[in-house]
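A.B. asks: based on what follows, work out the 3D shape:
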Amino acid sequence: MEFIVEKIGMSRTIGVPSVPVTLLKVKDAKVCELLEDGRAIVAYSHGKKRNKAIEGQQKKYGLEKIFNRFATLKVANSEAGDLDLTPLSEAKRVKTSFRSKGRGFTGVVKRWNFAGGPDSHGSRFHRAPGSVGMCEFPGRIMKGQKMPGHYGNKQVSVQNEVVSFDPESMILVVKGSVPGPNGALGKIRIVK
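C.D. replies: Numbers count the residues shown, from 1 in each chain. Next up, the predicted model:
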């Protein structure tokens, strides 16, 4: 089963040993239409995104204005309506997928952990990538070479143990860290 979640932040458990945990808020969602193979079109709320297409979908499925985003998820529901959260109460492990924090255009030292050169004595080689090509054959830079460029802002998936789930507040507590900034939207999938 899959759910849309928002990352609240990190904390730790009280006890010995203390365990670092991430708090995830399961977004309130409505199942609009069931598809084949257990998948369904699900509506959830996030931000103030509204346009004519979304208004048409809201009218088609009889949704309130707050449900302004749509996704296709694997659900436990057998009919349209509120999203069934019972599988989360019994879950032991989940696979979380978020976009990692974007760090913009970075050099090789930050992006690939290159050591760089000496900092003093006139070396003139500090944070540069160094030699990257060949002299004669093939006379070009090979594909896949570690170079400066865009770093972060990629889809990252990790598996976490479920510590607890509160169905009233809809907060899922998972062991360890989850990629992405606080407030980011992601997807979780129950792993058997």
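
A.B. asks: who does M10 form a beta bridge with?
C.D. replies: Listed by DSSP bridges, the beta-bridge partners for M10 are T22.

A.B. asks: where do the strands sit along this structure?
C.D. replies: Applying DSSP state E to the chain gives strands spanning 2-12, 20-26, 29-34, 39-44, 69-74, 81-82, 93-99, 105-106, 149-150, 155-166, 171-175, 185-191.

A.B. asks: distance from stretch 59-66 to the middle of the chain?
C.D. replies: Centroid separation between stretch 59-66 and its chain, computed with Cα atoms, centre = their mean, to the nearest Å, is 27 Å.

A.B. asks: what residues of that stretch count as buried?
C.D. replies: The neighbour-count check on stretch 59-66 (16 or more other Cβ atoms under 10 Å) flags Y61, L63 as buried. C-beta here means a position set from N, CA and C on the backbone, and glycine is covered the same way.

A.B. asks: start and end of it, how far apart?
C.D. replies: This stretch, stretch 59-66, spans 12 Å end to end (Cα to Cα, to the nearest Å).

A.B. asks: which other residues reach that stretch?
C.D. replies: With contact meaning Cβ atoms under 8 Å, 6 or more residues apart in numbering, stretch 59-66 is reached by K30, C32, E33, A43, S45, R50, Q57, Q58, A80.

A.B. asks: rerun at 7 Å
C.D. replies: Residues from elsewhere that reach stretch 59-66 (Cβ atoms under 7 Å, 6 or more residues apart in numbering): K30, C32, A43, S45, Q58.

A.B. asks: now do the contacts for the first one.
C.D. replies: In this case it means K30. K30 touches V42, A43, L63, F67, G81, D82, L83, counting by Cβ under 7 Å, 6+ apart.

A.B. asks: same thing but 10 Å
C.D. replies: 40-45, 61-64, 67, 77, 80-83 (Cβ atoms under 10 Å, 6 or more residues apart in numbering).

A.B. asks: of these, select the buried ones using a ChimeraX command.
C.D. replies: Here is the ChimeraX selection string for the buried members of the contacts of K30, based on 16+ other Cβ under 10 Å:
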select :40,41,42,43,44,45,61,63,67,77,83
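
A.B. asks: out of the contacts of K30, which is nearest to F125?
C.D. replies: Comparing those against F125 with Cβ to Cβ places Y44 closest, at 51.4 Å.

A.B. asks: domain-wise, how is this structure divided?
C.D. replies: 2-102+156-191, 103-151 (automatic domain parsing).

A.B. asks: tell me which of those domains sits most buried.
C.D. replies: Stretch with highest mean neighbour count among the domains of the chain: domain 2-102+156-191 (a mean of 15; mean count of other Cβ atoms under 10 Å).

A.B. asks: ramachandran angles for I14?
C.D. replies: phi -90, psi 120 (degrees, to the nearest 10).

A.B. asks: how close does the residue of the chain positioned farthest from its centre get to F3?
C.D. replies: Here the chain reaches farthest from its C-alpha mean at H121, the gap being 44.8 Å by Cα atoms, centre = their mean. Here the criterion is Cβ to Cβ, to the nearest Å. By it, H121 lies 57 Å from F3.
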